[in-house]
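> My questions concern the predicted model and sequence given below.
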Amino acid sequence: MKKQTEEKEAHRTPGPKFRNVLPEGFKIRRSPSPMADMLNAAAAERDAEPTSTHPNPPQPTRIAPARDFNKRANSLEREALPKGLFPGTSKKLYDALYLRTRGAHQPTRTIQATKRELMAWSGIKSKNTIAVNLQILTSIGLVVRQIEIGDHDGSVYEILLPEEAVQSDPTQPNPTQPRSWV
């Protein structure tokens, strides 16, 4: 076996060290980056648009967005959150109610909703958690709930701001209520 390989090696002629398999003028064209492509396309569109001859082009008529709109009272972030008025997931429930009432395009103070709707709006998956959070918000005074017995369309909820809420602080004595000695 050694003789066969020696014979083949003896007749072998070495080729050039580097063989160029690509043609002479061939260039690999790569995009510098997707962002550069988008910028170049935007520049091409901008250059293709005719320039306006009007000194004052017309302004868009809508100022507020048509969707994804949310008005929020500053007192929620400035006063209510630092005081710790929203324990647990009660903030999620309050935000869901606020978004559909006072924070809507056409603000309103009240809304009628079932517990299932409240669960869907707030992302809370337990009816017991909804009930506890409603109890917390009503005891704080941020939500006023009107229950109509026998009505299956849900309760009517009035949403109040922290400065409008009438709350009783259990740590401070209320002179209108008699003290209970236990």
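Yep, it's here. Numbers count the residues shown, from 1 in each chain.

> where does residue 37 fall, phi/psi-wise?
phi -60, psi -40 (degrees, to the nearest 10).

> Same question for residue 72.
Dihedral angles for residue 72 - degrees, to the nearest 10 - are phi -130, psi 140.

> so what's it up against?
Taking Cβ atoms under 8 Å, 6 or more residues apart in numbering, we find residue 72 in contact with 98, 103. (Each C-beta comes from the backbone N, C-alpha and C, glycine too.)

> now the strands: where do they sit in the chain?
Ranges of strands within the chain are 110-113, 143-146, 155-159, based on DSSP state E.

> Provide the strand pairings for the first one, with the direction of each partner.
Which is strand 110-113. The pairing partners recorded for strand 110-113 under DSSP bridges are strand 155-159 (antiparallel).

> Return the set of buried residues in the partner strand.
155, 157-159 (16 or more other Cβ atoms under 10 Å).

> Check stretch 119-126 too.
Buried positions in stretch 119-126, judged by neighbour count with 16+ other Cβ under 10 Å: 119, 121-122, 124.

> of all the residues you listed, which comes closest to residue 47?
The nearest member of the buried residues of stretch 119-126 to residue 47, counting by Cβ to Cβ, is residue 121 at 47.3 Å.

> show me what contacts the closest one?
96-97, 99-100, 113.

> switch the cut-off to 7 Å
96, 100 (Cβ atoms under 7 Å, 6 or more residues apart in numbering).

> So it versus residue 42, what's the distance?
From residue 121 across to residue 42, the span is 39 Å (Cβ to Cβ, to the nearest Å).

> what's the answer for residue 84, then?
Counting by Cβ to Cβ - residue 84 and residue 42 are separated by 48 Å.

> In terms of neighbours, single out the busier of those two.
Taking other Cβ atoms under 10 Å, residue 84 and residue 42 do not tie; residue 42 has more neighbours (10 against 7).

> Spatially nearest residue to residue 141 (excluding sequence neighbours)?
Counting by Cβ to Cβ, 6 or more residues apart in numbering, residue 141 lies nearest to residue 165, which is 3.5 Å off, once chain neighbours are set aside.

> Is the one you found in contact with residue 143, as I believe?
No - using Cβ atoms under 7 Å, residue 165 is not in contact with residue 143, being 8.9 Å away.
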